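A.B. asks: next one to model:
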Amino acid sequence: MLDTNACIQYLNGTSTHLRRKLESSQPEEIFLCAIVRAELFYGAIKSANASKNVQKLRHFLNRFISLPFDDQSAEIYGCSTSRQTLESHAEPLSEEGVRNHGLGRLGFRTVHGG
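C.D. replies: Below you'll find the predicted structure:
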């Protein structure tokens, strides 16, 4: 499962490792969730060249399966037990990290940028 940062790195061409990984995978093997789509469209609209970036984003996103962020995902994301476990790590996780942990509990492996 792709996170927002991984998608941005791919689209900007800043990670050859990620580019090779995605281009060597079948599109049906790669997932992202509706929240990632929303974050990417938000960023594209705010960019200096919104029209071009939205088109580029649509072309990129249409290749992959998009999973909904449903009530079960929201419950896992917001679950205090899960958050307490995550917050006990030496380095605090971002909200995105917490969300990805919740998706991992649903059986998805997240591909991070970086």
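
A.B. asks: low-confidence stretches in the chain?
C.D. replies: 77-114 (pLDDT under 70).

A.B. asks: ranges for the strands of it?
C.D. replies: Secondary structure of the chain (DSSP state E): strands at 31-33, 65-67.

A.B. asks: would you list the ones you listed in TSV and tack on mean neighbour count?
C.D. replies: C-beta: built from backbone N, CA, C; applies to glycine. Shown next, in TSV, are the strands of the chain (neighbours: other C-beta atoms under 10 Å):
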stretch	mean neighbour count
strand 31-33	22
strand 65-67	14
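
A.B. asks: just the buried residues of stretch 16-23, please?
C.D. replies: The neighbour-count check on stretch 16-23 (16 or more other C-beta atoms under 10 Å) flags 18, 22 as buried.

A.B. asks: give the contact list for residue 52.
C.D. replies: Neighbour list for residue 52: empty [criterion: C-beta atoms under 8 Å, 6 or more residues apart in numbering].

A.B. asks: how much space between it and residue 41?
C.D. replies: 14 Å (C-beta to C-beta, to the nearest Å).

A.B. asks: between the two, what contacts are shared?
C.D. replies: Where contact means C-beta under 8 Å, 6+ apart, no residue is in contact with each of residue 52 and residue 41.

A.B. asks: need the helices for the protein, in chain order.
C.D. replies: For the chain, the helices defined by DSSP state H occupy 4-12, 16-23, 34-46, 50-61, 71-78, 80-87, 95-105.
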